[in-house]
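Asker: structure, please.
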Amino acid sequence: MIVTVTPNPAEDLTWHLAELRPGETLRVPAGVSRAGGKGLNVARVLASEGHEVLALTTAGGAAGARLAEDLERSGIPHRLVPVHGETRRSLALVDETSGETTILNEHGAALADAEARTLLAEAARLGRRADAVVISGSLPPGFGPDELAGLVAELVAAGAPVIVDTSGPGLLASARAGATVLKPNRDELAEVTGHDDPVAGGRALLEAGARLVLVSLGAEGLLVLSHADASDGVRARLPKPLHGNATGAGDAAVAAIAAAVAANPSLVSDAGPEGVAARAALARRATAWSASAVLMPLAGALSPDHARLEAEVVVTGHHEASTADPANTAQAHPAPDTDPRTTA
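Answerer: Below is the predicted model:
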């Protein structure tokens, strides 16, 4: 089972417009409301691909009630920690002419001390029994970098692989706590490490204590770095970028990471040929899932074309990686069959 933890969930509101013209009044089709936040998007993707998943998050106020109702309708197994503060909202305006998405993210209400303790205790309890734990998204007041690092360290000590997708001080704190995998985008990485070069930035997080770093590079694909790889790591990209709603692209990549690590925890550090092939397969699948999410109208879903896209991904960085057979991606993910909302 894969557990996802979303400390700062959101009611995601999405509108698709023929063209976004700032300063004008526009008539648009009805928008869509959905339970969101990065960890919940990850859980949706994993569930859609047949993986056993449990989503842990908070819910409060009217928006929290709508979030809870949507999770019930989705059928995704979940646990909710009731909170007094109103669950935040996140607005996505998708311009179908330009292919660009404008995001408005509310900060989110603070968690009371008792609420934060309950969330941490439940995450630790569930995570100790999980094949992998994903902690995703922004951190609300009351659940800061220290709380995140403490949770990461506790889970790692218990033997659970931990994947963290956050930004700012929480990202560096997770590295120092020994996170199994970190997934920053290029801007988040530069912010916390001071390195504009993603290779140098990723290596800095590895030196801080992370075991594997996967960096989202937007249209340039992604970069996978570990202590077991050559200094420049493994890169993966599609021959040409796709246009659409990039809201859940990073979350789809995290879902691919979680599934791969849950199936094969040693892929993060195995320096042998099998480890190299597994990381290349992970890079390929994460790129394809991220790209296929761009083609979907809402976050938390993969395009039916994701298998075809996976076969088109170009992987470079090692001889073994560049010649890996796409069919061998099952080593990283035996499935049954730059994200604008970066802090959601």
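Asker: can you give me the strands in the chain?
Answerer: In the chain, the strands defined using DSSP state E lie at 2-6, 10-17, 32-36, 53-59, 78-82, 88-95, 100-105, 132-136, 162-165, 181-182, 212-216, 222-226, 234-237, 314-316.
Asker: in the sheet, which strands lie alongside the fifth one, parallel or antiparallel?
Answerer: Its sheet considered, strand 78-82 pairs with strand 53-59 (parallel) by DSSP bridges.
Asker: over to the first one?
Answerer: Sheet pairing of strand 2-6 (DSSP bridges) gives strand 53-59 (parallel), strand 132-136 (parallel).
Asker: what pLDDT does Ile103 get?
Answerer: With respect to pLDDT, Ile103 has a value of 87.
Asker: again with Ser303
Answerer: 82.
Asker: quick one, what contacts it?
Answerer: Ser292, Ala293, Leu295, Met296, Leu309 (CB atoms under 8 Å, 6 or more residues apart in numbering). From N, CA and C alone the C-beta is placed, and that goes for glycine too.
Asker: quick one: the helices in the stretch 201-344 of the chain?
Answerer: 249-263, 273-294, 306-312, 319-322 (DSSP state H, counting those that start in this stretch).
Asker: check the ones you listed for me: which has the lowest mean pLDDT.
Answerer: When I compare the helices of the stretch 201-344 of the chain, helix 319-322 is least confident, with a mean of 42.
Asker: tell me the most buried of the helices of the stretch 201-344 of the chain?
Answerer: helix 249-263 (a mean of 29; mean count of other CB atoms under 10 Å).
Asker: so which elements touch that helix?
Answerer: strand 2-6, helix 38-48, strand 132-136, strand 162-165, strand 212-216, helix 273-294 (3 or more CB pairs under 8 Å, 6 or more residues apart in numbering; DSSP states H and E).
Asker: TSV for the ones you listed, including distance to Gly201?
Answerer: Converted to TSV, the helices and strands packed on helix 249-263 look like this (distance: least, CB to CB, whole Å):
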stretch	distance to Gly201
strand 2-6	25
helix 38-48	20
strand 132-136	20
strand 162-165	15
strand 212-216	7
helix 273-294	17
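Asker: ok, which of these comes nearest Asp113?
Answerer: Asp113 lies closest, by CB to CB, to one member of these: strand 2-6, at 18.1 Å.
Asker: which other residues reach the closest one?
Answerer: So strand 2-6 is in contact with 37-40, 42-43, 46, 51-58, 119, 123, 126-127, 130-137, 151, 258-259, 262, going by CB under 8 Å, 6+ apart.
Asker: tell me the buried residues within those residues.
Answerer: 37-40, 42-43, 46, 51, 53-58, 119, 123, 126-127, 130-137, 151, 258-259, 262 (16 or more other CB atoms under 10 Å).
Asker: where does the nearest residue to Gly248 once chain neighbours are set aside land on pLDDT?
Answerer: Distances taken as CB to CB, 6 or more residues apart in numbering place Ala299 nearest to Gly248, at 2.9 Å, with adjacent residues excluded. On the pLDDT scale, Ala299 is placed at 77.
Asker: just Thr58 next, same as before
Answerer: 98.
Asker: OK, contacts around it?
Answerer: For Thr58, the contact set (CB under 8 Å, 6+ apart) comprises 6-9, 64, 80-83, 87, 111, 115, 119.
Asker: that one bridge partners, please.
Answerer: Beta-bridge partners, per DSSP bridges, of Thr58: Val81.
Asker: roughly how far does the residue lying closest to Ala62 once chain neighbours are set aside sit from Arg44?
Answerer: With CB to CB, 6+ apart as the criterion, Ala62 has its nearest non-adjacent residue at 7.1 Å, and that residue is Glu86. For Glu86, the distance to Arg44 equals 23 Å [CB to CB, to the nearest Å].
Asker: where does the stretch 101-250 of the chain dip in pLDDT?
Answerer: 245 (pLDDT under 70).
Asker: same thing but 90
Answerer: 101-103, 105, 218-220, 228-232, 239-249 (pLDDT under 90).
Asker: hang on, the earlier thing: Glu86 and Arg44: which has the busier surroundings?
Answerer: Taking neighbours as other CB atoms under 10 Å, Glu86 and Arg44 compare with Arg44 leading, 28 against 16.
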